[in-house]
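1. Sequence first, predicted model second:
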Amino acid sequence: MLWNQNKLFCEINPTCYAISLRKEILKRHIQDLFGKEKFAKTITKQKLPNLVAEHHSNMIKRAPGVNLTHQFNKAVNIDLAGNKINGIIIRPGEVFSFWKTVGKTSKRKGFKEGRIIENDKLIAGIGGGLCNLGNTINLLILHSPLTVTEFHKHSDALAPDHGKRVPFSAGTSVCYNHIDYRFKNTTDRDVQLLVWCEGEMLYAELRSEKPFPYRYEIIEEDHHFKKEGEKFYRNSKIYRNIIDRKTNELIDKELILDNHSEVLFDYSLIPKELIRT
């Protein structure tokens with residue numbers, strides 16, 4: 001059998017992919033062992049007094065072509081992972097790591113099979129759907145002065161939008177443990193993440209000891225879909241406005257994502273009015 005020289009080792013077959021995955025996991029363990037970062041570990045039930053940002057969303061997406069079993073399994077996975085995160089304190093200089101906090105997902109720990117993305121394809125895998133939780137945390141951090149130190153993107157066009165389009169409502173990728181989501185507390189005060197589930201809803205808050213001087217808002221411009229070759233892509237530019245809390249003056253407008261996401265759902269479900277030629 002001839003090996004296609006254009007293929008990466010991990011793309012040859014499932015065995016090669018598994019070997020590559022194990023290598024990346026081991027590499028991350030070694031990096032963390034010998035690195036200088038101090039990771040947040042303290043969990044407390046007592047809430048810090050100041051609310052910095054909050055977000056809630058329905059974990060169950062009901063749309064044509066969406067596997068409801070995987071959606072309900074995703075909710076179970078998010079609840080299990082959220083319990084590991086809920087109440088964590090990130091002190092000045094500390095780093096929050098999604099996987100350092102949640103740990104490896106497995107059937108033994110109660111995690112179920114949900115949607116994951118592998119080689120740009122939606123497949124089923126244990127712990128699927130945790131990207132949704134990673135994205136929720138990222139939304140909170142974008143509404144704060146904390147510094148994102150590791151972010152990986154996947155398509156935010158996994159399924160048709162349900163209701164009003166929310167910028168950055170999806171698109172954060174996490175995969176144990178080499179594709180992590182991390183942020184550092186670069187401020188002078190403790191902050192806290194709260195994550196919990198009620199029914200089909202996911203709730204999250206970022207809290208601090210006292211208020212920060214600025215507030216933040218996420219806006220999206222030039223949102224549309226466009227066909228490139230045989231595939232459709234979602235395109236937009238996503239900005240973060242930094243606003244003085246006292247004067248309401250716009251301090252800065254930052255481009256945080258030049259969005260170019262492959263559409264991974266049925267093209268017939270793309271809103272016709274959003275397609276550009």
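-> Nice, thanks for sending it over.

2. Quickly list the domain ranges of this protein.
-> 7-36, 37-213 (automatic domain parsing).

3. show me where pLDDT drops low in the stretch 51-200 of the chain?
-> By pLDDT under 70, the weakly predicted segments of the stretch 51-200 of the chain are 119-120.

4. Show me where it has its strands.
-> Using DSSP state E, counting those that start in this stretch, the strands assigned to the stretch 51-200 of the chain run over residues 88-90, 95-97, 113-118, 121-126, 147-150, 182-184, 191-198.

5. Compare the domains of the chain and give me the one nearest H224.
-> domain 37-213 (11.2 Å; C-beta to C-beta). Glycine gets a C-beta too; all of them are placed from N, C-alpha and C.

6. What is the end-to-end distance of that closest one?
-> From its first residue to its last, domain 37-213 covers 27 Å (C-alpha to C-alpha, to the nearest Å).

7. quick one: that domain to chain centroid distance?
-> 6 Å (C-alpha atoms, centre = their mean, to the nearest Å).

8. Kindly report the same for stretch 243-252.
-> The answer for stretch 243-252 is 27 Å, by C-alpha atoms, centre = their mean.

9. and it, which residues are buried?
-> I243 (16 or more other C-beta atoms under 10 Å).

10. Report the backbone C-alpha coordinates of that stretch in CSV.
-> What follows is stretch 243-252, C-alpha atoms only, in CSV (Å, rounded to 0.1, in the frame of the first residue of the first chain):
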residue,chain,number,x,y,z
ILE,A,243,-16.5,50.8,27.9
ASP,A,244,-15.7,53.0,30.9
ARG,A,245,-18.2,52.0,33.6
LYS,A,246,-18.5,55.5,35.0
THR,A,247,-18.7,57.6,31.9
ASN,A,248,-20.1,55.0,29.4
GLU,A,249,-17.3,56.2,27.0
LEU,A,250,-16.0,53.7,24.4
ILE,A,251,-12.4,53.1,25.3
ASP,A,252,-11.5,50.6,22.6
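
11. Touching it from outside, list them.
-> Residues outside stretch 243-252 that contact it (C-beta atoms under 8 Å, 6 or more residues apart in numbering) are 211-217, 241-242.

12. switch to 7 Å and redo it
-> Residues outside stretch 243-252 that contact it (C-beta atoms under 7 Å, 6 or more residues apart in numbering) are 213-215, 217, 241-242.

13. Show me how to select, in PyMOL, the buried members of these.
-> Buried residues within those, by 16+ other C-beta under 10 Å, are selected in PyMOL with:
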select buried, resi 214+215
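
14. Quick check, R115 in contact with G128.
-> Yes: between R115 and G128 there is a contact under C-beta atoms under 7 Å: 4.7 Å.

15. shared neighbours, these two?
-> Joint contacts of R115 and G128 (C-beta under 7 Å, 6+ apart) are 70, 74.

16. Redo the strands of the stretch 51-200 of the chain as CSV? Include distance to T44 and mean neighbour count.
-> Putting the strands of the stretch 51-200 of the chain into CSV (distance: least, C-beta to C-beta, whole Å; neighbours: other C-beta atoms under 10 Å) gives the following:
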stretch, distance to T44, mean neighbour count
strand 88-90, 6, 20
strand 95-97, 15, 21
strand 113-118, 30, 20
strand 121-126, 30, 14
strand 147-150, 23, 14
strand 182-184, 19, 21
strand 191-198, 8, 20
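
17. quick one, which of those is nearest to T105?
-> When the strands of the stretch 51-200 of the chain are compared (using C-beta to C-beta), the closest one is strand 121-126, at 5.7 Å.

18. strand partners of the closest one, parallel vs antiparallel please.
-> Next to strand 121-126 in the sheet, as set by DSSP bridges, lie strand 113-118 (antiparallel).

19. need the contact list for N259.
-> Contacts for N259 (C-beta under 7 Å, 6+ apart) come out as 156, 234-238.
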